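Novice: quick one: sequence and predicted model below, then my questions.
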Amino acid sequence: MIPLNAAAARRIFLLLTVTRWFPVGLVVPVTTLLYLERGLDVAHALTLASVVGLVVFALELPTAGIADTLGRRPVLLAGAVLQVLAAVLYCTADSFWAFTAAAVAMGVFRALDSGPLESWFVDTVHRERPGADVDRTLAQQGAVLGVSIALGSLACGGLVWWHPVQFWSALTLPYVAYAVLAAVHLTMLAMLLREPARHADGRVRAALATVRQVPGTVATGLRLARDNGVLRALLLVEVFWSTAMVVFESFTPIRLGELLADNTRAGALMGPVASVGWAVFALGSGLAGLASARIGVARTALLARVLNGLGAVWMGLAGGPAALVVAYLATYGLHGSGGPVYNTLLHREAVASNRTTVLSMASMLGFLAYAIASPLLGWTAATVSTPVAMVAGGGFSVLGALCFVPALRRERQRASAPVGADGRTPA
């Protein structure tokens, strides 16, 4: 198999980002509202988010180890199959336990999908340009991701408004479309993704021998986090950042429904609101690439995370639907700014043999923090108020700024090194 060059890998990376995330845009605005429509309360709805997080936490490192040893492609294909199954389960679920089964399937998919595509792209670039930074392409990918979800969310609002199939509720059709497009993503992965064979003879025995290396790969990643203070601090960023995510992802439709006193109307509005939010996310991702070139990757990541947390606080303080939407859009734009530069900092601390493991350790901590924060903030909303829960989540997130200090010091050391000593060539 002829290996891909960096330019071809970049095109495939961005295209698969579209097929992966456009379907997600179809369901992001209505997931919480679908739970409520089918008889669940707010506490149960946020508990389901916790289920997804706990499953990902349990499987992140094993699946990352498999991806780093067996290959990125088979793990991504397995994850794509699970995504189709999870979508079908969400379409048919009508009770808390049925939704729990769907959440477990979604969690397995998210664990398998977390990191291998990005690792595949970075490894492909590094075969051509060893040690190259990829912050520019990751910023472009963040922009593509944001636009894809924005368009999907806009389509979601249209499907809910159109409601052509009366047999289903208006909130079900977006999930049906999600299932179909998840199958399209699976097909595109199978057709486009290529990587050098990990087993020249193609024998099952060789593959199984590689899988037995997974515990060692995972252990190496854990030792890296233990011994690398910069990486350890960066991983802790996820613990703080995830509480802000609970606010702007889970609480926005709930708070909008409270302010409008109508969940159905909130569901119809969340489609276009989320669409604009993800468009702003894309803009934020693009601007992050420009900002990192001017003030540095670490400073950009730190500033984006602080402002993102303050935006979540602003959302909690908003006193009307319009103010909530404005705060949401600002917060989502800052969310988009933080991702590419944060991942670039992670890639600086990783190598090809543990790259997916490093990404998955970050994702694992993020999902665990999300799983813990979701029911806690849900309980706060139920016992005190939704605004208090939102302010608490955003305020806690701001504290994560301290975790960027070691990376900022490391970046200063890189800047003082001789030109080319670290092999940095922006991709």
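Specialist: Cool, got the structure.
Novice: quick one, helices of the stretch 301-427 of the chain?
Specialist: Residue ranges of the helices in the stretch 301-427 of the chain, as given by DSSP state H, counting those that start in this stretch, are 321-348, 355-383, 386-398, 405-416.
Novice: can you list contacts of the last one?
Specialist: In this structure, residues lying in contact with helix 405-416 by CB atoms under 8 Å, 6 or more residues apart in numbering are 229-230, 233-234, 296-299, 301-302, 345, 348, 422, 424. Every C-beta, even on glycine, is put in place using the N, C-alpha and C of the backbone.
Novice: quick check on the residues you listed: which are buried?
Specialist: The neighbour count (16 or more other CB atoms under 10 Å) marks Val230, Ala233, Leu234, Gly296, Val297, Ala298, Arg299, Ala301, Leu302, Leu345, Arg348, Arg424 as buried among the contacts of helix 405-416.
Novice: my guess is the third one contacts Ala362, does it?
Specialist: Yes - Leu234 is within contact range of Ala362, at 7.1 Å (criterion: CB atoms under 8 Å).
Novice: which residues are common contacts for those two?
Specialist: Leu346.
Novice: which stretches of the stretch 201-350 of the chain have low pLDDT?
Specialist: Within the stretch 201-350 of the chain, the segments meeting pLDDT under 70 span 201-214, 216-218, 263-264.
Novice: so where is the stretch 1-150 of the chain shaky, pLDDT-wise?
Specialist: Judged by pLDDT under 70, the stretches of the stretch 1-150 of the chain that qualify are 1-3.
Novice: that one: helices as residue ranges?
Specialist: Taking DSSP H, counting those that start in this stretch as the criterion, the stretch 1-150 of the chain carries its helices at 6-27, 31-37, 42-69, 72-92, 96-113, 116-128, 135-162.
Novice: in the fourth one, what's buried?
Specialist: Yep, that's helix 72-92 we're talking about. Buried residues in helix 72-92 (16+ other CB under 10 Å): 72-80, 82-91.
Novice: next one: the last one
Specialist: Residues 135-157, 159-160 are the ones in helix 135-162 that count as buried (16+ other CB under 10 Å).
Novice: compare the helices of the stretch 1-150 of the chain and give me the one nearest Leu290.
Specialist: If you check each of these against Leu290 by CB to CB, helix 135-162 wins as the nearest, at 8.2 Å.
Novice: for the closest one, packing partners?
Specialist: Helix 135-162 sits against helix 6-27, helix 116-128, helix 173-192, helix 263-295, helix 321-348, with contacts defined as 3 or more CB pairs under 8 Å, 6 or more residues apart in numbering; DSSP states H and E.
Novice: ok now that helix, how far from the chain's centre?
Specialist: 13 Å (CA atoms, centre = their mean, to the nearest Å).
Novice: so after the helix or strand containing Leu234, what's the next helix or strand?
Specialist: Using DSSP states H and E, the element containing Leu234 is helix 229-245. Next in sequence after helix 229-245, counting helices and strands by DSSP H and E, comes helix 252-260.
Novice: what angle separates that next one from helix 355-383?
Specialist: Angle, helix 252-260 to helix 355-383, by axes from the mean of the first three to the mean of the last three CA atoms, to 10 degrees: 20 degrees.
Novice: report the angle between helix 252-260 and helix 386-398.
Specialist: Using the same axes, to 10 degrees, helix 252-260 lies at 150 degrees relative to helix 386-398.
Novice: what lies in contact with helix 252-260?
Specialist: Against helix 252-260 from outside (CB under 8 Å, 6+ apart): 29-30, 32-33, 42, 263, 265-267, 269-270, 273, 315, 318, 320-321, 324-325, 328, 381, 386-387, 390.
Novice: rerun that using 6 Å as the cut-off
Specialist: Thr32, Leu33, Asn263, Ala266, Met270, Pro321, Tyr328, Thr386 (CB atoms under 6 Å, 6 or more residues apart in numbering).
Novice: repeat for stretch 380-393
Specialist: Ala43, Thr243, Val246, Val247, Phe251, Arg255, Ala312, Val313, Met315, Gly316, Leu377.
Novice: 7 Å - rerun?
Specialist: 42-43, 243-244, 246-247, 251, 254-255, 258, 312-313, 315-317, 373, 377 (CB atoms under 7 Å, 6 or more residues apart in numbering).
Novice: again with stretch 44-60
Specialist: Taking CB under 7 Å, 6+ apart as the rule, stretch 44-60 contacts 32, 35-36, 96, 99-100, 103-104, 106-108, 110-111, 114, 250, 360, 363-364, 367-368, 370-371, 374-375, 378.
Novice: what's the answer for stretch 222-233, then?
Specialist: Leu235, Glu349, Asn354, Val358, Met361, Cys403, Pro406, Ala407, Arg410.
Novice: and these, which are buried?
Specialist: So, by 16+ other CB under 10 Å, the buried ones in these are Leu235, Glu349, Asn354, Val358, Met361, Cys403, Pro406, Ala407, Arg410.
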